[in-house]
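Asker: With the input below, show me the fold.
(one chain, ligands or ions: 3)
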Amino acid sequence: MIQTIQIAPPDDWHLHLRDGEALEHVVAATALNFRRAIVMPNLKPPVTTVEQAIAYKGRIHAAVEKACASGTYSPEQQAVMAKFEPLMVLYLTGATSPSEIEKAALSGVVKAVKLYPAGATTNSDAGVSDLLGQCGEVLKAMEVCGLPLLVHGEVTDPNVDVFDREAAFVDSVMKPLRKQFPNLRVVFEHITTKQAVDFVTEHSARDSQGRLLLAATITPQHLLYNRNAIFKGGLQPHWYCLPVLKREVHRQALLKAATSGLPQFFLGTDSAPHAKHLKEMSCGCAGCYSAPYAMPMYAEAFEQMGALEDSRLFEQFCSLNGPAFYGLPVNEGIYELKREPMEIPERLPFVTDSGIVPLRAGETLDWTVTRLS
Ligand SMILES: NC(=O)N[C@@H](CC(=O)O)C(=O)O
Ligand SMILES: [Zn+2]
Ligand SMILES: [Zn+2]
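Answerer: Ligands and ions are numbered 1, 2, ... in the order given. Next comes the predicted model:
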């Protein structure tokens, strides 16, 4: 049995850091484990302009500096955290202009634009209700600039069963989108179904610069759990995220995709912090907070597939495929996990006294992060 895994430092290609005090509570966990992260723009109000993205990036850097100065972290940890680079994203609305897209592409700060179908998920109200009808010119500009569209891929039609909303999205939005904008670069975020896996697997086309046109991120919870987790012994709000966990057959398809070595699939935790009392209420928020323990969880998923013995497949998913898609260099240094038990606390400090409950709170994981350089 393999005892140590060494890979190039990973990146998180789908992350929620929030803002203000919440940001200060969660940013260190990511900066300690990931060299870069695609930071989601679903703040209140959303990050819709390059100017706002630059300002938000500044607040993230300031939060990292504050964490470093807090006396909580060793000099080695602080050195790792100081290397963290947030990659910013614009929130697509009906009012986004082609000129803002051009500005974003030239900014060097904004790496993508995010589609939230209006009403699909947390803070999506400002999103788009008819992508192809409302955003044609903007999508054309993105296609020309090579700026990727990141997609929360669920239809919002209340008549579609909540467990079918991603599969329906493949047919009603993804397929026409690919047809109308064949050179638009797209990331199907946090995929949860066999239908999404198949769609992404079948599209291996590349642009004139040799970059993939379609890719997908996968979360730790969708690799490790099926929808039974939400109802185990009672209603489990900390297992509720969007898209919601699916049947076992879909989880198996995701595991196969993540460990396939195909360049289309890469790591995106979708770590989405919500205070404990806002998850455990009559209308609980969607989102799982996984950032501090995500890497041991991904290792566990790969081990379930017998795909850890040779750490190259794990490295491709965590550290190589994402940079290749985004046209960025692979991180220098070494990230190491050892087969040692790692306990997840029941609760972590957060903005209110209720704190935050991390994904798999109270459990012991098989892998511990031992080197971050
Ligand atoms: N995944 C979630 O359940 N929640 C995310 C939003 C999102 O990624 O859809 C959040 O911002 O809380
Ligand atoms: Zn989403
Ligand atoms: Zn998300």
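
Asker: Around Lys111, count how many other residues there are.
Answerer: Neighbours of Lys111 under the rule other CB atoms under 10 Å: 24. Every C-beta, even on glycine, is put in place using the N, C-alpha and C of the backbone.

Asker: That one belongs to a helix?
Answerer: No: counting by DSSP: H, G, I helix; E, B strand; the rest coil, Lys111 is not part of a helix but strand.

Asker: and it, how far is that from ligand 2?
Answerer: Going from Lys111 to ligand 2 by CB to the ion, to the nearest Å gives 17 Å.

Asker: Next, the closest residue to that residue other than its chain neighbours: secondary structure please.
Answerer: In space, and not counting its chain neighbours, Lys111 is closest to Leu87: 4.4 Å by CB to CB, 6 or more residues apart in numbering. Assigned by three-state DSSP, the conformation of Leu87 is strand.

Asker: so Leu87 bridges to which residues?
Answerer: Ile38 (DSSP bridges).

Asker: just Ile218 next, same as before
Answerer: Bridge pairing for Ile218 - DSSP bridges - gives Leu267.

Asker: How about the contacts made by it?
Answerer: Residues in contact with Ile218 (CB atoms under 8 Å, 6 or more residues apart in numbering) are 190-191, 254, 257-258, 265-268.

Asker: per-residue confidence for it?
Answerer: According to the prediction, Ile218 has pLDDT 99.

Asker: For ligand 2, see how far away it is.
Answerer: Taken as CB to the ion, the span from Ile218 to ligand 2 is 13 Å.

Asker: Just the CA atoms of stretch 123-143, as CSV, please.
Answerer: Output in CSV follows, covering the C-alpha atoms of stretch 123-143 (Å, rounded to 0.1, in the frame of the first residue of the first chain):
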residue,chain,number,x,y,z
ASN,A,123,-26.7,34.3,-5.0
SER,A,124,-27.8,33.6,-8.6
ASP,A,125,-30.6,36.1,-8.7
ALA,A,126,-28.6,38.6,-10.7
GLY,A,127,-27.8,35.9,-13.3
VAL,A,128,-29.1,35.1,-16.7
SER,A,129,-32.5,33.6,-17.5
ASP,A,130,-31.9,33.0,-21.3
LEU,A,131,-28.2,32.6,-22.1
LEU,A,132,-28.4,32.4,-25.9
GLY,A,133,-31.2,34.9,-26.1
GLN,A,134,-29.7,37.5,-23.8
CYS,A,135,-25.9,37.2,-24.2
GLY,A,136,-25.1,36.4,-27.9
GLU,A,137,-22.8,39.4,-28.4
VAL,A,138,-21.0,38.8,-25.1
LEU,A,139,-20.5,35.1,-25.9
LYS,A,140,-19.1,36.1,-29.4
ALA,A,141,-16.6,38.5,-27.7
MET,A,142,-15.5,35.7,-25.3
GLU,A,143,-15.1,33.3,-28.2
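
Asker: pLDDT averaged over stretch 277-289 - what is it?
Answerer: The average pLDDT within stretch 277-289 is 97.

Asker: Repeat that for stretch 329-344.
Answerer: Averaging pLDDT along stretch 329-344 gives 97.

Asker: Mind listing residues that contact that stretch?
Answerer: Under the criterion CB under 8 Å, 6+ apart, residues 1-11, 33, 35-36, 292-293, 295-296, 299, 319-320, 323, 358-373 lie in contact with stretch 329-344.

Asker: Which of those residues fall in helices?
Answerer: Using DSSP state H, the subset of the contacts of stretch 329-344 located in helices is 33, 295-296, 299, 323.
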